[in-house]
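[1] return a 3D structure for these sequence lines:
(3 chains)
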Amino acid sequence: MKYWLLKTEPSTFSIEDLEQAPQRTTSWDGVRNFQARNMLRDGMRAGDRAFLYHSSCKVPGIVGIVGIVSAGYPDRSAFDPKDPHFDPAGDPRTPRWYAVDVRLERRTKRVITLEDLRRHARLALDGLVLLRTGNRLSVMPLTAAHWHFILSLE
DNA sequence: GCCAACGTTGGC
DNA sequence: GCCAACGTTGGC
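    Numbers count the residues shown, from 1 in each chain, chains lettered A, B, ... in the order given. So this is what the prediction gives:
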């Protein structure tokens, strides 16, 4: 089983939206970055778990835990001209973008803020991709050690 | 709103 | 293959 972190802007899609989704499950689509795509397509498997992270908001941080319920599959939003993430260069025969399905497991007991995480950047969370300067990945892997340490901050 | 950092594009 | 220009991300 692997551990991940998924970023989302709550003004676009928040943990409240996920709570209200049928089965508390949604397609994690619209990712348009090759490095992140590779992780969705090649790295994630059903049974993996991920932190849900709110970015570009008042208090950026981890707000919940989701389970990956399906491995990567071609992201159909890339082929929909009306979708904001439409990719005009896309060809359904050779899908370029991928999505996974995620189900909300639970909210964290409190928001584990970016500030909280930074406090441990030099020791327990050394190497955490999220804390790398200029990091822009919306999908990133976590070590088991980082996962458990972050949970201990709850 | 600002700006640093990054990814992508396209000319050469 | 290089790299400048551009667009985007995301914290502040």
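
[2] by contact count, what packs against the longest helix seen in chain A?
    Longest helix in chain A by number of residues (criterion: DSSP state H): helix A:144-152. Applying 3 or more C-beta pairs under 8 Å, 6 or more residues apart in numbering; DSSP states H and E, one finds that helix A:144-152 makes contact with strand A:3-8, strand A:49-54. Backbone N, C-alpha and C define where each C-beta goes, glycine included.

[3] and the next helix or strand along the chain from the last one, which strands flank it?
    When you say that, I think you mean strand A:49-54. Downstream of strand A:49-54, the next assigned helix or strand under DSSP states H and E is strand A:61-74. With DSSP bridges as the test, strand A:61-74 is paired with strand A:49-54 (antiparallel), strand A:98-113 (antiparallel).

[4] got the ones you listed as CSV, with mean pLDDT and mean neighbour count columns?
    Listed next are the strands paired with strand A:61-74 as CSV, based on pLDDT from 0 to 100; neighbours: other C-beta atoms under 10 Å:
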stretch, mean pLDDT, mean neighbour count
strand A:49-54, 97, 23
strand A:98-113, 97, 18
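
[5] which one of these lies closest to DNA strand C?
    Each of those has some distance to DNA strand C by C-beta to the nearest atom of the strand; the shortest is strand A:49-54, at 7.4 Å.

[6] and that closest one with DNA strand B, contact?
    No - applying C-beta under 7 Å from any atom of the strand, one finds strand A:49-54 out of contact with DNA strand B, separated by at least 14.9 Å.

[7] which outside residues touch that strand?
    Strand A:49-54 is touched from outside by A:1, A:3-10, A:14-15, A:18, A:60-68, A:102, A:104-105, A:108, A:111, A:130, A:142, A:147, A:150, with contacts defined as C-beta atoms under 8 Å, 6 or more residues apart in numbering.

[8] relative to strand A:3-8, how tilted is that strand?
    30 degrees (axes from the mean of the first three to the mean of the last three C-alpha atoms, to 10 degrees).

[9] ok now strand A:49-54, how far from the chain's centre?
    A distance of 5 Å separates the centroid of the chain from that of strand A:49-54, by C-alpha atoms, centre = their mean, to the nearest Å.
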